[in-house]
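**Student:** okay, predicted coordinates and the sequence, questions at the end:
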Number of protein chains: 2
Amino acid sequence: MDLSSFLTSLGTSFVIFVILMLLFTWLSRRPGNSVIYYPNRILKGMDPTEAGFGSRNPFSWMKEAMASTEDDVISMSGVDSAVYFVFLSTVLGILVLAGVLLLPILLPVAATDNGLSRASTTSNGTFNDLDKLSIGNVPDGSPRLWAFLLAVYWVSVVTYYLLWKAYKHVSGLRANALMSSKVVPEQFAVLVRDVPPAKGQTVKEQVDTYFKTIYPETFYRSLIVTDNKEVDKIYQELEGYRKKLARAEAVYAQSKTTSNPEGRRPSNKTACLGLAGEKVDSIEFYTEKINDLIPKLEAEQKVTLKDKQLPAALIFFTTRVAAASAAQTLHARMVDEWTVTDAPEARQLLWKNFTIRYFQRQTRQYLIYAIVAVTILFYMIPIGVISAVTTLENLVKFLPFIKPIVNIGVIKTVLQAYLPQLALILFLALLPKFLLFLSKLEGIPSESHAIRAASGKYFYFSILNVFIGVTLGGTLFKTFKDLEKNPNQIVSLLASSLPGNATFFLTFVALKFFVGYGLELSRIVPLIIFHLKRKYLCKTEAELKEAWFPGDFGYGTRVPGDMLIITIVLCYSVIAPLIIPFGVAYFGLGWLVLRNQAIKVFVPSFESNGRMWPHMHNRILGALLLFQVTMFGYIGAKKKLYSLLLIPLLIATLIFAYICGEKFYKFFKCTALEVVARELKEVPNLERIYRSYVPPSLSSEKVEDDQFEDALSQVSRVNSIV
Amino acid sequence: MDLSSFLTSLGTSFVIFVILMLLFTWLSRRPGNSVIYYPNRILKGMDPTEAGFGSRNPFSWMKEAMASTEDDVISMSGVDSAVYFVFLSTVLGILVLAGVLLLPILLPVAATDNGLSRASTTSNGTFNDLDKLSIGNVPDGSPRLWAFLLAVYWVSVVTYYLLWKAYKHVSGLRANALMSSKVVPEQFAVLVRDVPPAKGQTVKEQVDTYFKTIYPETFYRSLIVTDNKEVDKIYQELEGYRKKLARAEAVYAQSKTTSNPEGRRPSNKTACLGLAGEKVDSIEFYTEKINDLIPKLEAEQKVTLKDKQLPAALIFFTTRVAAASAAQTLHARMVDEWTVTDAPEARQLLWKNFTIRYFQRQTRQYLIYAIVAVTILFYMIPIGVISAVTTLENLVKFLPFIKPIVNIGVIKTVLQAYLPQLALILFLALLPKFLLFLSKLEGIPSESHAIRAASGKYFYFSILNVFIGVTLGGTLFKTFKDLEKNPNQIVSLLASSLPGNATFFLTFVALKFFVGYGLELSRIVPLIIFHLKRKYLCKTEAELKEAWFPGDFGYGTRVPGDMLIITIVLCYSVIAPLIIPFGVAYFGLGWLVLRNQAIKVFVPSFESNGRMWPHMHNRILGALLLFQVTMFGYIGAKKKLYSLLLIPLLIATLIFAYICGEKFYKFFKCTALEVVARELKEVPNLERIYRSYVPPSLSSEKVEDDQFEDALSQVSRVNSIV
């Protein structure tokens, strides 16, 4: 790729971003759109206008984002978001500090060396203006390599320093969140799995006896996990009718216009999705159905609570220290019995996984690792086969009725262009969901943990396929014969193929940040969907709210995406320092846009108090290690002796990773007792805490005491997630 | 080695054993020797005559050993001994079950095949009668290899089964010991290290505030570790004078015979080890010294307790559950601050290691691993150099004054024979002590833990050097050229050199059990030392007791030794099944002799409640894996395809090790809460528990309350170890 086509691509992306930003400024000022651009503030009962709503200045959102403090972020969207911003600013800091030294030094060093033109051999055919600014322009054995060697040291030291600071800071954030004097239900609970079978006792009796013996003073009560299949079914049915009733009532109310004050009572047919059967009055029909179902639900609730107990439970304690301590200690002699762990938040429990036994969880985990490894390494094979089979001719042969459509000229051209990649596109679109599905199969008890596991898998997929795949793929077939002769050269092959691909990645990063963040900011897609739904589908307030309810950050795919960028930028930082400003722009712009989204748009669907951070930390270190190994190979190919000077750096990275893991990690896995030993502001209402964990299908309808009001609102929140 | 010389060697060993056993029967009947043959019973206040003392039957000790139950062993010498017997009987069981099938099947299969004599090629020159009974007699590619293949499976399955049963049993033993209703001080305490520095507070204040906040109900009090150098010095001096005073008084009392009713007051000189200076009356002199030192000690005690606090402490809780739970939980956000672990027994504390900081402990550990690895791999180099230098000629050159002695004929011959090996012999004798010294340097807080660490190191040393060294060493130089060409053949080289060495190991095992256990049983060496000391040195009762006080099992060297035997026997079990009876004899005789020692002689110097077991378990599995790998190489050399059938077995061993580790291991590392939640027989006297941990040099002399009597006797026990 030469300079002009690179600049064209960059320019186009930039123009798209500016257009999207202007669109955002215009759209977000319209009052009807406030639920799309300020949903988080609205849900928190805040006035959107306070947050610069209605401003004509296209940069005002930037000002607000920059003015917001970390505490604002925590109060608006939780500790996890704040940790994500620590991640963004740490990476930004690494790249800025790296760029400050590398750009003014390495670019002139490379540009003034005419090594390659002298030698007149280029490693591949893409030698051009941009490549002159990279290490590719420095000939083998040149003393100028010293500068590049020192640059590797500089980048590494900067990374160590900022990561260390960030880990300390995040640890502090987590500690503050955990020691908060507010009553947080999950801090009083633990999850018990693998209750051993016992004869002549219900699980409830067994669990209560066991924990009362060990914690005579601090045990409060237990909530036994039950088989809720039946009761859930009835509850869903009931809720469905309630929604339909509300809708029918809304339709009836709307039909009462001034011209027709009586209105028209809505009606529906009873069979076959409302298409056939007897025609009945909807309001009466649904009311009757609801009245039928309520006693049925209550009867089933009783049966479930009594006879369908499963060998798992949530235990509630009277103090936070007791719960935190119980979650970390060994209770039974055999590790596969009475496994006690932290209780996740009520809204993110994966109930189905609670009853999977210890060794089955282990087995599942390893099986799924194997499946993911196979998927990552060989996913191209089935996709290639499918692509080969799904040609237009074959399609017509199997589905003859599509022939007339296919024969239309335009459609035929489009189909022929996209059919071969259809399988790949579908695969890439479905992969995150598939990985999340697999992670949940592992037997993980909480949503946030499953998302972390899935994001790890996605990270390995992207690194392996996008980065190494593209880099190696470009040169692999050319040099396949060399490799066959000497399979140990993979590192140096990877290294030597890098500069040629640097410009490809420059474009990739640029496209991703301008277009991606532009779409993120303008929220065009959610806006259109909302307006369509409002016009044609939604009748009641609840339905409307559901239509504009914003998503969360989506860490599962967002973090691996960012990780890929930081890996690419780090790896190329010394080889082609020109990539650094693009990295800075990506993370800088990302910080701004997402800060805006965090304080105005996204509503977190869980809170893990920063447990994502150790993964981020380790993956940044992994990227650094990959960078160091690449440079080891690359400099080694240019001058063997110099590369040996990089070995201490590799060891330093491993030692740094070890020390950080030892010093900080355990606090992210367990809760430190000194943190939860802080006094609470109020005496915890244990009954309310307990009730916040009762699944909605099991919570009795009759409780209307004032003191449970909050607990019930908690339950309904759970409901909206489940 | 041919059959006759093998039988000779075997016979000699056996005769030695019989002689030693008869000697034991004769010696142990003499009343004056009862303190050597029944010290454990005497110390426990039991009558030695009850235990068959004085029997003329040389086999009565065997009957008693066999009649003793596991509970007897636990009550006489603790859970650790009982676990050691579980180890012995498990190994015995494995070998017996293996032999039952392997001997009647494999021996005829091998003996009736005339493969080798047909082929008339022997792998080495030692082909003889004994080797005819081994797999070496079966030619390459023979279908009879099937029998050997199945034998490998049989041995493995037997090992899995018995190890699983044993782990379960030991876990039960540990649980019973921990849940005992007796008050055990260490169950109420935890050890806190890495107390962070704080300004304006003493460590005592800091520790008390910290733990009172977290455990408002269960915290009892703390014992801060102090710098006891000064106070220990004064205390040692004082104790020294007290002993001398007691001795002087005993001498004085003895001198009062009927002929001289006044007696002769002993006297000594004051300077230069009692050789020079003024002559004084001993009793007066020592009494004066003691009276001088007591106030000095008290003053120093006060200063130490107040101003010499170090950042570590023992914390005492009011309940066992609180202590067990505290030892397993994370207290501070940073893992390298406020590290809380189980408190070891008071008698086995390594005080000096308490103040080593977290990351220094880590660093020391890795450094010491490196040092041990270097020692194990390259110890022959310095020893070789020393041997080369210390020839008789060189010695005479450097130390001319020994010339007249050396020139005596007999001495010269002996010296010439042993001098070259002197360095090696010294090294081997000092190695266990050196490894224990290194293990203590790691920063381990308890004696028993240090011994486990040292025993692991010693195990790797013996396996690597004795087993692999001898096996490979024998053929290495012969086939060095082959190996140079193809370095991947180490496994098959190891395998093919085995049958030739089988007879060597047969002799080794036989010698070890007959002579070793004979000496163990007869206790000739301690007996002689005791009688010499009694006659020439001991004056007081205390000195006499010190002279006959028996040692403990010495797990640090005993267990690695047994491990070496089981490794050898397992590895050869299929190749030369004739080794199995020898293994059975070794462990059977060992069980008998040591059972006798456990219930009559040895006094354990610590109790770790079976924490040795996971190490034993893993090392037996390691031996099994080595056996399987060896057989894989060996059968592979005979018939490639068959060896592939052994791969599932290798995987099975790894999975078995993983499952056992997951299921059982954690209980050996931590205390399960359900176990210590059992009720106690009495209300624990917390003051007594606390005082049992106070070092003797710091415990006040003035406490004479009745209630502390026991605590003080505990302290004096500590004293005898420190």
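**Tutor:** That came through, no problem. Residues are numbered from 1 along each chain as shown, chains lettered A, B, ... in the order given.
**Student:** quick one: residues contacting the one residue in the stretch 151-300 of chain A that gets nearest to chain B.
**Tutor:** Closest contact between the stretch 151-300 of chain A and chain B, by C-beta to the nearest C-beta, is at residue A:214 (4.4 Å). (C-beta placed from N, C-alpha, C; glycine too.) Residue A:214 makes contact with A:331, B:321, B:673-674, B:677 under the criterion C-beta atoms under 8 Å, 6 or more residues apart in numbering or on different chains.
**Student:** the residues you listed in helices, which ones?
**Tutor:** Per DSSP state H, helices hold the following members of the contacts of residue A:214: B:321, B:673-674.
**Student:** picking that back up, tabulate the contacts of residue A:214 in JSON lines, adding columns for pLDDT, neighbour count and distance to residue A:62.
**Tutor:** What follows is the contacts of residue A:214, written out as JSON lines (pLDDT from 0 to 100; neighbours: other C-beta atoms under 10 Å in any protein chain shown; distance: C-beta to C-beta, whole Å):
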{"residue": "A:331", "pLDDT": "94", "neighbour count": "21", "distance to residue A:62": "53"}
{"residue": "B:321", "pLDDT": "93", "neighbour count": "24", "distance to residue A:62": "56"}
{"residue": "B:673", "pLDDT": "93", "neighbour count": "26", "distance to residue A:62": "54"}
{"residue": "B:674", "pLDDT": "92", "neighbour count": "20", "distance to residue A:62": "58"}
{"residue": "B:677", "pLDDT": "89", "neighbour count": "20", "distance to residue A:62": "59"}
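**Student:** the stretch 601-722 of chain A against chain B: which residues are in contact?
**Tutor:** With C-beta under 8 Å from any C-beta of the partner chain as the criterion, the stretch 601-722 of chain A comes near chain B at residues A:659, A:662-667, A:670-675, A:677.
**Student:** longest helix anywhere in chain A?
**Tutor:** helix A:70-111.
**Student:** what helices and strands are in contact with that helix?
**Tutor:** Packing partners of helix A:70-111 (3 or more C-beta pairs under 8 Å, 6 or more residues apart in numbering or on different chains; DSSP states H and E): helix A:39-43, helix A:145-178, helix A:555-572, helix A:579-600, helix A:613-638.
**Student:** redo these as a markdown table? Include mean pLDDT.
**Tutor:** A markdown table is the format used below for the helices and strands packed on helix A:70-111 (pLDDT from 0 to 100):
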| stretch | mean pLDDT |
| --- | --- |
| helix A:39-43 | 82 |
| helix A:145-178 | 94 |
| helix A:555-572 | 87 |
| helix A:579-600 | 89 |
| helix A:613-638 | 90 |
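**Student:** how many residues are close by residue A:565?
**Tutor:** Neighbourhood size, residue A:565 [other C-beta atoms under 10 Å in any protein chain shown]: 22.
**Student:** I'd say it and residue A:583 touch.
**Tutor:** Yes - in this structure, residue A:565 is within contact of residue A:583 by C-beta atoms under 8 Å, at 6.7 Å.
**Student:** for residue A:656, which non-adjacent residue is spatially closest?
**Tutor:** Nearest residue to residue A:656 in three dimensions, chain neighbours excluded: residue A:160, at 5.4 Å (C-beta to C-beta, 6 or more residues apart in numbering or on different chains).
**Student:** ok, for residue A:88, nearest residue in space, not its chain neighbours?
**Tutor:** Residue A:88 sits nearest to residue A:591 (C-beta to C-beta, 6+ apart), 4.6 Å away.
**Student:** that neighbour against residue A:84, yeah?
**Tutor:** No - the pair residue A:591 / residue A:84 is not scored as a contact, 9.8 Å apart, by C-beta under 8 Å.
**Student:** contacts only, for the residue nearest to residue A:88.
**Tutor:** A:65, A:85, A:88-89, A:92.
**Student:** helix or strand for residue A:279, which one?
**Tutor:** According to DSSP states H and E, residue A:279 maps onto strand A:276-281.
**Student:** show me what counts as buried in the next helix or strand along the chain from that strand.
**Tutor:** Tracing the chain C-terminally past strand A:276-281 and defining elements by DSSP H and E, one meets helix A:282-307 next. Buried residues in helix A:282-307, counted by 16 or more other C-beta atoms under 10 Å in any protein chain shown: A:282-283, A:285-287, A:289-290, A:293, A:297, A:300-301, A:304.
**Student:** quick one: list the elements packing against helix A:282-307.
**Tutor:** helix A:229-255, strand A:267-271.
**Student:** packing partners for the helix or strand just after that helix?
**Tutor:** Moving toward the C-terminus from helix A:282-307, the next helix or strand (DSSP H and E) is strand A:309-317. The helices and strands touching strand A:309-317, judged by 3+ C-beta pairs under 8 Å, 6+ apart, are strand A:189-193, helix A:203-214, strand A:219-226, helix A:320-328, helix A:686-692.
**Student:** avg pLDDT for strand A:309-317?
**Tutor:** Mean per-residue pLDDT for strand A:309-317: 93.
**Student:** so what touches it?
**Tutor:** Applying C-beta under 8 Å, 6+ apart, the contact partners of strand A:309-317 are A:188-197, A:202-204, A:207, A:211, A:215, A:218-227, A:323, A:326, A:340, A:343, A:354-355, A:686, A:689-690, A:693.
**Student:** so what's the gap between the strand holding residue A:279 and the chain middle?
**Tutor:** Per C-alpha atoms, centre = their mean, to the nearest Å, the displacement of strand A:276-281 from the mean C-alpha position of its chain is 46 Å.
**Student:** okay, now the sheet partners of it, with direction.
**Tutor:** Applying DSSP bridges, strand A:276-281 is found paired with strand A:267-271 (antiparallel).
**Student:** how many neighbours does the residue in the stretch 401-550 of chain A positioned nearest to chain B have?
**Tutor:** Closest approach between the stretch 401-550 of chain A and chain B, counting by C-beta to the nearest C-beta: residue A:443, at 14.4 Å. Number of residues near residue A:443 (other C-beta under 10 Å) recorded here: 23.
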